[in-house]
Structure formats: structure tokens, C-alpha cells
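J.: This is a predicted model, with the sequence first.
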Amino acid sequence: MALFKKRTVGKPGEWFYCLEHQKVEEGPECPAKDRFGPYASRQEAQHAMETARERNLEWDTDPKWHDRKGPGEDGAAG
């Protein structure tokens, strides 16, 4: 058991979205593994999940990104 709890320190005016508690927080209150940010404003942090969904959709539909190899691209004889 740790004797001292290490407090996460942030700068005033930095906003984060906590994934575990699903809330906006000023300055990081929760561990980095559980949050998105920093954001410049509370409004940006409030839309963190929407922004993530939009970016994921952009990546999933990017014609330059290829997750699957086409026929003959894996080096095996077809």
C-alpha cells in the first residue's frame, strides 16, 4: 500500500473528459488512462465523445487506409 497518494496536477483552464465517470473536469482529477484531454474549453471537453466518434468514422472510411489485404497482396499463391 502506498503511503502517499500522488496527486495528478494540471494547469488552471485545462479541461478533461473522464471516461470512467463520464463527466467534464477542470484540471485532471482522474488518472490519465481514464480521460481525454486536455481541451482548451469546457465545451470542447463536453463534446469529447462526439469528437472521438467523428474521428473514428473518418479513419474507418479513409480510402488511403487499408486494414485488409486484397487478393494476391499477402504473398501467398492464390
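T.: Looks like it arrived, so ask away.
J.: From the contact counts, what lies against the host helix or strand of residue 58?
T.: Element membership for residue 58, per DSSP states H and E: helix 48-60. Packed against helix 48-60 by the contact rule (3 or more CB pairs under 8 Å, 6 or more residues apart in numbering; DSSP states H and E) you find strand 35-39. (C-beta placed from N, C-alpha, C; glycine too.)
J.: in the helix or strand following the strand it packs on, what counts as buried?
T.: Using DSSP H and E, the helix or strand that follows strand 35-39 towards the C-terminus is helix 42-46. Of the residues in helix 42-46, 44-45 count as buried by neighbour count, 16 or more other CB atoms under 10 Å.
J.: pLDDT of helix 42-46, averaged?
T.: Across helix 42-46, pLDDT averages out at 97.
J.: Alpha carbons only: can I get it in PDB?
T.: Extracted as PDB, the C-alpha positions of helix 42-46 are listed here (Å, rounded to 0.1, in the frame of the first residue of the first chain):
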ATOM      1  CA  ARG A  42     -15.300  23.200 -21.100                       C
ATOM      2  CA  GLN A  43     -17.400  23.000 -24.300                       C
ATOM      3  CA  GLU A  44     -14.700  21.100 -26.100                       C
ATOM      4  CA  ALA A  45     -14.400  18.600 -23.300                       C
ATOM      5  CA  GLN A  46     -18.200  18.200 -23.200                       C
END
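J.: now that helix: how far from the chain's centre is it?
T.: 14 Å (CA atoms, centre = their mean, to the nearest Å).
J.: cool, and stretch 23-35?
T.: Centre to centre, stretch against its chain (CA atoms, centre = their mean), the figure for stretch 23-35 is 12 Å.
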